[in-house]
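Chemist: Sequence first, then the predicted structure, then my questions.
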Amino acid sequence: MSKSVQSRAAVKAARSPKQFLREVGTELKKVKWPSVHDVWQLTLVVLVTCIAVGCYVTVLDTAVGWLFKQIGMYS
């Protein structure tokens, strides 16, 4: 989006905030919102991914720390 188009939209919103909010509401009605099932499913995916990455980093950190101790880099 060009600067002039952004500026015109900002000026229009500033002149008539009521109309702007009405248009925002109209656009939000066009959005296809996810179902509750989809939200729970995606939340579960994020949590499982975070736990898996956390476990991976923990194991890697422990292994590298053990290796450094074995070669005498730190005690």
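Modeler: Alright, I've got the coordinates.
Chemist: The residue positioned nearest the centre of the chain and Pro34, how far apart?
Modeler: Closest to where the C-alpha atoms of the chain average out (Cα atoms, centre = their mean) is Val46, at 10.5 Å. As judged by Cβ to Cβ, to the nearest Å, Val46 and Pro34 stand 13 Å apart. Just so you know, the C-beta spots here come from the backbone N, C-alpha and C atoms, and that holds for glycine as well.
Chemist: likewise Gln41?
Modeler: For Gln41, the distance to Pro34 equals 9 Å [Cβ to Cβ].
Chemist: just Leu42 next, same as before
Modeler: Using Cβ to Cβ, Leu42 is found at 7 Å from Pro34.
Chemist: now do Val11
Modeler: To Pro34, Val11 is 34 Å away according to Cβ to Cβ.
Chemist: Walk me through the domains of this protein.
Modeler: Split into domains by automatic domain parsing, the chain comes to 1-31, 32-75.
Chemist: Just put those domains in a markdown table and tack on mean pLDDT.
Modeler: A markdown table is the format used below for the domains of the chain (pLDDT from 0 to 100):
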| stretch | mean pLDDT |
| --- | --- |
| domain 1-31 | 78 |
| domain 32-75 | 95 |
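Chemist: Show me what the helix ranked longest in the chain is packed against.
Modeler: If you go by DSSP state H, the chain has its longest helix at helix 36-70. Packing contacts for helix 36-70, counted by 3 or more Cβ pairs under 8 Å, 6 or more residues apart in numbering; DSSP states H and E, involve no helix or strand.
Chemist: Going by neighbour count, list what's buried in that helix.
Modeler: Within helix 36-70, no residue is scored as buried using 16 or more other Cβ atoms under 10 Å.
Chemist: how close does Tyr56 sit to Thr49?
Modeler: Look at Tyr56 and Thr49: by Cβ to Cβ, they are 11 Å apart.
Chemist: Gln19 now?
Modeler: For Gln19, the distance to Thr49 - Cβ to Cβ - is 42 Å.
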